[in-house]
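Engineer: Turn this into a structure:
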Amino acid sequence: MGTADGEKIKTTIGATYQDEYAFVDKRWLISRRIGTFNWQEKVISTNSYRLKDWYRGW
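Structural biologist: Below you'll find the predicted structure:
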């Protein structure tokens, strides 16, 4: 959530990742990541929820 011209703006981004992995100390880790941001949408928010409420349950 951000602001522009005094309005609350919600940004949603669609992205894909191409990952390469390495097995280190008995764990798979991402060794290289290429991110591609495919689209972005910005809308004026009419919700009054707080960011911590949005993440609840994650």
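Engineer: In the protein, where is pLDDT below threshold?
Structural biologist: Filtered on pLDDT under 70, the chain yields the residue ranges 48-58.
Engineer: For this protein, just list every one of the helices.
Structural biologist: Counting by DSSP state H, the chain has helices at residues 51-54.
Engineer: quick one, what contacts the residue nearest the centre of it?
Structural biologist: Taking Cα atoms, centre = their mean, the centroid of the chain lies closest to residue 13, which sits 6.7 Å from it. By Cβ atoms under 8 Å, 6 or more residues apart in numbering, the contact list for residue 13 reads 37, 39, 40, 41. Where you see a C-beta, it was placed from the backbone N, CA and C, and this is true even at glycine.
Engineer: could you dump the residues you listed to a markdown table with distance to residue 25 and neighbour count?
Structural biologist: Formatted as a markdown table, the contacts of residue 13 follow (distance: Cβ to Cβ, whole Å; neighbours: other Cβ atoms under 10 Å):
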| residue | distance to residue 25 | neighbour count |
| --- | --- | --- |
| 37 | 32 | 9 |
| 39 | 37 | 8 |
| 40 | 37 | 10 |
| 41 | 40 | 9 |
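Engineer: Not counting sequence-adjacent ones, nearest residue to residue 7?
Structural biologist: Leaving aside its sequence neighbours, residue 7 sits nearest to residue 44 (Cβ to Cβ, 6 or more residues apart in numbering; 5.0 Å).
Engineer: For residue 2, see how far away the one you found is.
Structural biologist: Separation of residue 44 from residue 2 (Cβ to Cβ, to the nearest Å): 11 Å.
Engineer: shared neighbours of the two, anything?
Structural biologist: 8, 9.
Engineer: ok, back up a step: who does the residue nearest to residue 7 bridge with?
Structural biologist: Beta-bridge partners recorded for residue 44 (DSSP bridges): residue 9.
Engineer: Quickly note the distance from the residue nearest to the centre of the chain to residue 37.
Structural biologist: Taken as Cβ to Cβ, the span from residue 13 to residue 37 is 6 Å.
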